[in-house]
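A.B. asks: return atomic coordinates for the entry below.
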Amino acid sequence: MLELSTKQQEKPAVKKRKWLDSEGRWGLLMVSPYLIHFLVFVVGTSVASLYFSFSDYDILNPPKWTGLDNYEKLFEDPLFYRSLWNTVYFTILYVPAKTFLALLLAVALNQKLKGLKFFRMVHFLPVISSWTVIAYVADAVFNQRIGFANAFLTKLGIAPQNWLIDEFWVIPVLVLIAIWKSVGYMMIIFLAGLQGISSDMYEAASIDGANAWQKFWRVTVPMISGTTFLVVILNTIYSFQNFEQIFVMTGGSTEAGSTGGANNASLVLMLFMFRQAFSFFKMGYASAIAWVLFLILLAITLIQFKLQKKWVHYD
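C.D. replies: Predicted coordinates:
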């Protein structure tokens, strides 16, 4: 009887599933296009650029190993520090302003209002527009001779400004345009976070006598802290990788040439890297810039993940 009960308690052995069985092969086949793309165009190009960063390479001739020469030249180049400061300055203005405005719009468009879908579409429309289109619209506002901004200043008796050339104004104006272009995307992310908050939380706050501001600060903000953290990370990465806007609006203009505005006032790291690679054909030097930019972004992201433990709540 004891042996019988012991056998009954024994569970049948589960056969280990082979990784490349019929379903596994089909699954691997389905994801193979992405895997090939990832290995060739992401991993492959990253490894190649890392090698080029230690080489003297001009596209036309084979790369020659030079060790740390590119990095030594980079950290002695005043344009590198100029472009780094411009990038940091852009980020300091861009990230807080865009995050706050996106949250404000999301809260406003999360209410039960007439024409809600229309207003959401209007705010999201610039996101799907190309930077060429945005540049034409921005030129109508900030053009030195015919722009609306200078026309308004002239009526007030203030001298017209060179908005996209002047060293003082170019970065703030670029930040303003960048926020208008992309705030709708972050608004949608915040909307998703807001709609995930249970109405019971607000009802409980009302019973406790909380007003609208207290509900927002004590309920809404903590409950979407994870969403806010995601938005801050995405905005930071974008601000450091911003190239298309700078190139279209200042980098390729007749007045600014390809220098990033007057006195390199809008020369950011991405534009600096582009110039070295495709204007001067210094591919090795440009690769070194790319890897320094990667390490800067990696460090900032790790710091943000470290600090998020103090203010992000996922409960």
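A.B. asks: next one: the longest helix anywhere in the chain to chain centre, how far?
C.D. replies: Among the elements of the chain assigned as helix by DSSP state H, the one spanning the most residues is helix 78-108. From the chain centre to the centre of helix 78-108 is a distance of 10 Å (CA atoms, centre = their mean, to the nearest Å).
A.B. asks: for it, which positions count as buried?
C.D. replies: Within helix 78-108, the residues scored as buried using 16 or more other CB atoms under 10 Å are 80, 82-84, 86-87, 89-91, 93-95, 97-99, 102-103, 105-107. No exception for glycine: its C-beta is placed from N, CA and C like everyone else's.
A.B. asks: helices of the stretch 1-150 of the chain, residue ranges please.
C.D. replies: Per DSSP state H, counting those that start in this stretch, the stretch 1-150 of the chain carries helices over the ranges 2-9, 22-37, 45-52, 69-76, 78-108, 116-124, 131-142, 148-155.
A.B. asks: these into a markdown table, with extra columns for mean pLDDT and distance to Tyr285?
C.D. replies: Formatted as a markdown table, the entries for these read as follows, by pLDDT from 0 to 100; distance: least, CB to CB, whole Å:
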| stretch | mean pLDDT | distance to Tyr285 |
| --- | --- | --- |
| helix 2-9 | 50 | 70 |
| helix 22-37 | 83 | 28 |
| helix 45-52 | 94 | 9 |
| helix 69-76 | 94 | 5 |
| helix 78-108 | 94 | 10 |
| helix 116-124 | 84 | 39 |
| helix 131-142 | 88 | 26 |
| helix 148-155 | 86 | 38 |
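A.B. asks: for the stretch 151-300 of the chain, which spans come out with low pLDDT?
C.D. replies: Applying pLDDT under 70 to the stretch 151-300 of the chain flags residues 251-262.
A.B. asks: all helices of it, in order?
C.D. replies: Chain-ordered helices for the stretch 151-300 of the chain, with DSSP H, counting those that start in this stretch as the definition, fall at 170-194, 199-207, 212-215, 221-223, 225-241, 244-246, 269-274, 283-307.
A.B. asks: right, and these - which one's nearest Ala48?
C.D. replies: For the helices of the stretch 151-300 of the chain, the distance to Ala48 is smallest for helix 283-307, at 8.4 Å, taking CB to CB.
A.B. asks: how about that closest one: buried residues?
C.D. replies: Buried residues in helix 283-307, defined by neighbour count with 16+ other CB under 10 Å: 283-293.
A.B. asks: could you give the angle of it to helix 69-76?
C.D. replies: Angle of helix 283-307 versus helix 69-76, following axes from the mean of the first three to the mean of the last three CA atoms, to 10 degrees, is 70 degrees.
A.B. asks: hmm, back to that, can you redo the helices of the stretch 151-300 of the chain as CSV with distance to Leu113?
C.D. replies: As requested, the helices of the stretch 151-300 of the chain are exported to CSV (distance: least, CB to CB, whole Å):
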stretch, distance to Leu113
helix 170-194, 13
helix 199-207, 17
helix 212-215, 16
helix 221-223, 22
helix 225-241, 21
helix 244-246, 32
helix 269-274, 39
helix 283-307, 34
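A.B. asks: to Asp58, which of those lies closest?
C.D. replies: helix 283-307 (6.4 Å).
A.B. asks: now that closest one, how far from the chain's geometric center?
C.D. replies: The offset between the C-alpha centroid of helix 283-307 and the centroid of the whole chain comes to 13 Å, using CA atoms, centre = their mean.
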